[in-house]
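1. Need the 3D shape of this:
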Amino acid sequence: MIETPRLLLRPWRAGDLALFAEQNADPAVMRFLAGVLTRAESDAYVARAEQHLARTGFCKWAVEAPGVAPLIGAVGLSWLTFEAPFAPAVEVAWRLHRRYWGFGYATEAAAASIDDGFNRVGLTEVVALTAMFNTASIRVMQRLGMTRTIEFDHPSLPPGSALRRHILYRLSRADHPIGKS
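-> Next up is the predicted model:
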């Protein structure tokens, strides 16, 4: 588990699945991803996160806001699962229920995940990626101190998809505030 002043990044619980599925069925939440997920697809996402945690010791965690909500989304680190010129790489990613947008939760949880990746896991670099016109996520990447690097076509998205063109941001341990101490 990872604690921040307002959040708890923790392993997934059975009670999280319905709330997460509701979030993943929301077109607004999923508009920069490959589309809404069915309940089975949402549950499979959680299963992959749990398997990643068992294999590596880190994952895309369930995020709880104590006193606010038992689950506000998923944030954390995972190895990229597609081939790219910058792979292998560990990605920081976030997906929050839209009720919890605009409160700084994505930045807070992602920063804590990155700190954990550099401190406990021993990573030397973390990347983040998003569709070119996802300005909200790009702002989070910038607040995290990440550097914009390349544009690329995401290989998991079909040619002609408006979401295919992506931007990659990077943060090295040496450039992260904890790496400079």
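
2. Any buried residues in the host helix or strand of residue 76, and which?
-> Taking DSSP states H and E as the definition, residue 76 sits inside strand 69-79. Applying a neighbour-count criterion of 16 or more other C-beta atoms under 10 Å, one finds 71-78 buried in strand 69-79. The way it works is simple: take the backbone N, C-alpha and C, and place the C-beta from them, glycine included.

3. And for stretch 41-60?
-> In stretch 41-60, counting by 16+ other C-beta under 10 Å, buried: 42-43, 45-46, 49, 52-53, 58-60.

4. now do stretch 20-32
-> 20-21, 23-24, 29, 32.

5. about what we covered before: could you single out the nearest of the buried residues of strand 69-79 to residue 125?
-> The nearest member of the buried residues of strand 69-79 to residue 125, counting by C-beta to C-beta, is residue 77 at 11.3 Å.

6. Does the closest one touch residue 125 like I think?
-> No - with contact taken as C-beta atoms under 8 Å, residue 77 and residue 125 are classed as non-touching, separated by 11.3 Å.

7. Need the residues touching each of these two.
-> Counting by C-beta atoms under 8 Å, 6 or more residues apart in numbering, the residues touching both residue 77 and residue 125 are residue 90.

8. Packing partners of the strand holding residue 76?
-> If you count contacts as 3 or more C-beta pairs under 8 Å, 6 or more residues apart in numbering; DSSP states H and E, strand 69-79 packs onto helix 16-24, helix 39-56, strand 60-65, strand 90-96, helix 105-116.

9. Would you format these as TSV with mean pLDDT and distance to residue 132 included?
-> Formatted as TSV, the helices and strands packed on strand 69-79 follow (pLDDT from 0 to 100; distance: least, C-beta to C-beta, whole Å):
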stretch	mean pLDDT	distance to residue 132
helix 16-24	97	22
helix 39-56	97	24
strand 60-65	98	22
strand 90-96	97	16
helix 105-116	97	19
